[in-house]
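> sequence-free structure coming up:
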C-alpha cells in the first residue's frame, strides 16, 4: 500500500453499469442496472427517460418526494433490500449547506448513488515527544467493517442537525468526550471521494475535524461501537495507514489529510501533489460535474 | 467581497478564445487567438492541427524542445512580448513531482497557458491572545501588483530546485528569515485555480507552507520586494481578506486555506463546502482533465 493507493481505493468505481437519476433538471445520483428493475416496478415514482431515471414530476416538493419514496423504501426493506433500516434520514443534495431536494433513509442512500455526508474527527494529544492520535478499533459485532481501526470519532450526518452539533453528539456517544471539550473541535476541511461496493455507489463528503485533547484524558466507548481505544504516536499511525488496510477504507483519507495539514508529508514527496489533489476527488459528484 | 468571491475571481476564465496545444499526446497548455499568429510564424516549431496546436514532433527530447522554443521566445522578447525576461525556467508539467516535458522561460509561461508552480508561506506567531500573521506590502516599484498586500513569503518554483529548498531561499530573500528557522516550515497542502488575464492563462498550483515564528522575531525585506512587514491579529487578516481586494489575487486563496486549516471558518458556514472544494479547482488543468 501507499497513501496514493488508499486514495485510488476510495475512488474505485465504474459508472458503466450505472444510469443517473434526476429530480427536475438536477442529477441527483446513480442507479446500478441490478437495482433498476426495482425502480421499474413503480412507474408512478420513477420514470425511465433517455438520459436516465427521473423522479416523477408530480412529486413537486421535498416533503412530497420524501414521503412517497420512503413508503416505497419501507416495502423494499421488508423484502430484505437494506441490511439495517436506521430510521435516520439523509438530505439529498450535493452540498450539505444548501437546501435539500428531498430526504432519504440512510440505509437506502448508496443504492441511489446519492452523496452522503459525515463528520470525522481526529482526537490528538500534543506531547513533548510529538503528536499522538486516539485510535479506536470497531466492535467485532458491528454490521459494517467489524474489528477494523477507525477515526477517533465518526458519524453520518443526518438532516436537520448542524455539523458541529453532530460532532459534539458523536464525541459523547462514541468516545465519552464531554461537550465542553468536544465543542473545541476545529473544522479543518473536507475530503471527497467516490466509492463503489457492488450496486452501491458512495460519492461522499466527510467533513474533517481536529480536536486537541488534554494529555491524560482517556477516550473510551460509551455506546459500544468501539471495542477499545489506544493512544498511538503519530509515526505509528502514519506507518499503519501507509503500509496496511487495517483502517476502514475512508478513515485512511481522513488521516492522510491530517498528515498533510500537520506537515507530516514532505512537499518533495514524489506523490505530494497527487495526494493533495486526490483528497478532494469528485467534489461535485462523479461523471463530470 | 466574500471568501467565495475570491475563489471565483481566481478561477475567472473563458476558454472559448483559447486552443489547446500538445506535446505528443499530452495537452500541455492553451494559446489565445491573439497570440496564435505569433506561433503561426514558426511552422517548424508549432503545427496547427484539428485538435489545437502541436509542438513539432521532430523535437523529441525535453532538452531539444527547451532549446528550440527558447531561441524563438528570445526573438519575441526582443519584440517586447514579455514584460520582463527573468532568465529563470519553469518546468512544463501538470505535476511538479513528475518529469517535465520541457522547460520554458518564466515570463512566457502564461502566454502558453502552461501550469506554473509556486510556494506560498504564511508566517505566523502564536500569542496568548491568538494567532498573528506577518503581512508584507509589495514594493510600489514592483512590476506586478505594486503596493498590494501579499503572503509572508511567496515565490515562483523554478526547475531543478526542491520545494522546501525554494522556501528556505525565498524566506531569506523576501523576509530575512534565516535558514535554521525557515527549515521548520511545514508543507500543509496546495491550492489550485485557473486565472485569465487577457491572453495569458494561469492554471497554477501554489504549494502552501505554514511557518510558526518565535514571538519577537521580525520579518523585514532583504531584497526590497516588500516595502514593509506588519504583524496582524488573525481576525484582522480574516476581515481584510473577506471584505476587500487588498491582497494580490491568489494570496487570498492561500490565506483562506490557512483559515480553513486552522479552524477559523465554521463548518456550518453556508459556503463552507464550496470554499473547501473551491480551493482546489482545476487540479488537472482547465477543460476537463
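Cool, the structure landed. Keep in mind that this is a model prediction, so the values were computed, not measured.
> drop to CA atoms for contacts and neighbour counts, all remaining ones
Will do.
> and residue A:71, how close does it get to residue A:77?
Using C-alpha to C-alpha, to the nearest Å, residue A:71 is found at 10 Å from residue A:77.
> higher neighbour count, the two?
Set residue A:71 next to residue A:77 and count neighbours by other C-alpha atoms under 10 Å in any protein chain shown: residue A:77 wins out with 16 against 11.
> mind checking which helix or strand the more buried one is in?
helix A:62-78 (DSSP states H and E).
> after that helix, which helix or strand is next?
That would be, after helix A:62-78 and using DSSP H and E, strand A:89-92.
> helices or strands next to that following strand in the packing?
strand A:102-105 (3 or more C-alpha pairs under 8 Å, 6 or more residues apart in numbering or on different chains; DSSP states H and E).
> for chain A, longest strand please?
Identified as the longest strand of chain A according to DSSP state E is strand A:117-127.
> the very next helix or strand once past it - contacts with which helices or strands?
With elements assigned by DSSP H and E, the helix or strand that comes after strand A:117-127 is strand A:130-138. Under the contact criterion of 3+ C-alpha pairs under 8 Å, 6+ apart, strand A:130-138 touches strand A:117-127, strand A:226-233, helix A:234-243.
> change it to 10 Å
Under the contact definition 3 or more C-alpha pairs under 10 Å, 6 or more residues apart in numbering or on different chains; DSSP states H and E, strand A:130-138 sits against strand A:117-127, strand A:153-156, helix A:163-175, strand A:205-212, strand A:226-233, helix A:234-243.
> where's residue A:284 relative to chain B, distance?
9 Å (C-alpha to the nearest C-alpha, to the nearest Å).
> can you count the residues close to that residue?
19.
> that one is in contact with residue B:277, isn't it?
Yes. Contact criterion C-alpha atoms under 10 Å: residue A:284 and residue B:277 qualify, at 8.6 Å.
> name the residues contacting each of these two.
Residues touching both residue A:284 and residue B:277 comprise residue A:192, with contact defined as C-alpha atoms under 10 Å, 6 or more residues apart in numbering or on different chains.
> and stretch A:269-278, is it in reach of chain B?
Yes. Applying C-alpha under 10 Å from any C-alpha of the partner chain, one finds stretch A:269-278 touching chain B at A:269-278.
> rewinding a little: how about the longest strand of chain A, which residues are buried there?
A:117-125 (16 or more other C-alpha atoms under 10 Å in any protein chain shown).
> against which helices or strands is that strand packed?
strand A:89-92, strand A:130-138, strand A:153-156, helix A:163-175, strand A:186-192, strand A:205-212, strand A:226-233, helix A:249-261.
> can you add mean neighbour count and mean pLDDT and give those back as a markdown table?
Compiled in a markdown table, the helices and strands packed on strand A:117-127 are given as follows (neighbours: other C-alpha atoms under 10 Å in any protein chain shown; pLDDT from 0 to 100):
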| stretch | mean neighbour count | mean pLDDT |
| --- | --- | --- |
| strand A:89-92 | 24 | 96 |
| strand A:130-138 | 21 | 98 |
| strand A:153-156 | 22 | 97 |
| helix A:163-175 | 21 | 98 |
| strand A:186-192 | 26 | 98 |
| strand A:205-212 | 24 | 98 |
| strand A:226-233 | 18 | 97 |
| helix A:249-261 | 23 | 98 |
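> how about those, which one is nearest residue A:12?
helix A:249-261 (11.3 Å; C-alpha to C-alpha).
> what angle separates the closest one from strand A:117-127?
50 degrees (axes from the mean of the first three to the mean of the last three C-alpha atoms, to 10 degrees).
> tell me the strands beside the longest strand of chain A, with direction?
Strand A:117-127 has the following sheet partners, assigned by DSSP bridges: strand A:130-138 (antiparallel), strand A:153-156 (antiparallel), strand A:205-212 (parallel).
> in TSV: the ones you listed, plus distance to residue A:222.
Output for the strands paired with strand A:117-127, formatted as TSV (distance: least, C-alpha to C-alpha, whole Å):
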stretch	distance to residue A:222
strand A:130-138	12
strand A:153-156	12
strand A:205-212	18
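> residue A:50: which of those is closest?
strand A:205-212 (28.8 Å).
> between the closest one and strand A:186-192, how many degrees?
Going by the same axes, to 10 degrees, strand A:205-212 makes 150 degrees with strand A:186-192.
> show me what contacts residue A:151?
Taking C-alpha under 10 Å, 6+ apart as the test, what residue A:151 contacts is A:120-123, A:133-138, A:247-248, A:250-252, A:254-255.
> what about it, distance to residue B:46?
Counting by C-alpha to C-alpha, the gap from residue A:151 to residue B:46 is 52 Å.
> which bits of the stretch 51-200 of chain A sit near chain B?
So the stretch 51-200 of chain A meets chain B at A:94-98, A:119, A:162-165, A:184-192 (C-alpha under 10 Å from any C-alpha).
> if we go to 6 Å?
A:97, A:186-189 (C-alpha under 6 Å from any C-alpha of the partner chain).
> dump those residues to CSV, plus distance to residue A:18.
Converted to CSV, those look like this (distance: C-alpha to C-alpha, whole Å):
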residue, distance to residue A:18
A:97, 27
A:186, 37
A:187, 34
A:188, 33
A:189, 30
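> before we move on, back to that, which positions in the helix holding residue A:77 come out as buried?
A:65-66, A:69-70, A:73-74, A:77.
> what's next to it, contact-wise?
A:59, A:101-103 (C-alpha atoms under 6 Å, 6 or more residues apart in numbering or on different chains).
> what do you get if the cut-off is 10 Å, keeping everything else the same?
Looking at what lies outside helix A:62-78 - C-alpha under 10 Å, 6+ apart - the contacts are A:23, A:38-39, A:42, A:44-46, A:55-59, A:79-85, A:89, A:91-92, A:99-105, A:107-108.
> list buried residues within those residues.
A:23, A:39, A:45-46, A:55-56, A:59, A:81-82, A:85, A:89, A:91-92, A:101-105, A:107-108.
> returning to that earlier point: could I get the helices and strands packed on strand A:117-127 as a markdown table with distance to residue B:214?
What follows is these, written out as a markdown table (distance: least, C-alpha to C-alpha, whole Å):
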| stretch | distance to residue B:214 |
| --- | --- |
| strand A:89-92 | 46 |
| strand A:130-138 | 19 |
| strand A:153-156 | 33 |
| helix A:163-175 | 32 |
| strand A:186-192 | 24 |
| strand A:205-212 | 22 |
| strand A:226-233 | 26 |
| helix A:249-261 | 20 |
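> show me the one of these that comes nearest residue A:8.
Using C-alpha to C-alpha, the helices and strands packed on strand A:117-127 put helix A:249-261 closest to residue A:8, at 10.3 Å.
> distance of residue A:123 from residue B:267?
Counting by C-alpha to C-alpha, the gap from residue A:123 to residue B:267 is 17 Å.
> please apply the same query to residue A:197.
In terms of C-alpha to C-alpha, residue A:197 sits 29 Å off from residue B:267.
> who's more crowded, these two?
residue B:267 (25 against 11).
> and that one, that's in a helix?
No. Secondary structure of residue B:267 (DSSP: H, G, I helix; E, B strand; the rest coil): coil, not part of a helix.
> bridging residues for residue A:89?
According to DSSP bridges, beta-bridge pairing links residue A:89 with residue A:105.
> end to end, how far does stretch A:145-164 reach?
First-to-last residue span, stretch A:145-164, C-alpha to C-alpha: 25 Å.
> try stretch A:152-172
11 Å.
> from the chain's centre, how far out does it sit?
Distance of stretch A:152-172 from the chain centroid (C-alpha atoms, centre = their mean, to the nearest Å) equals 12 Å.
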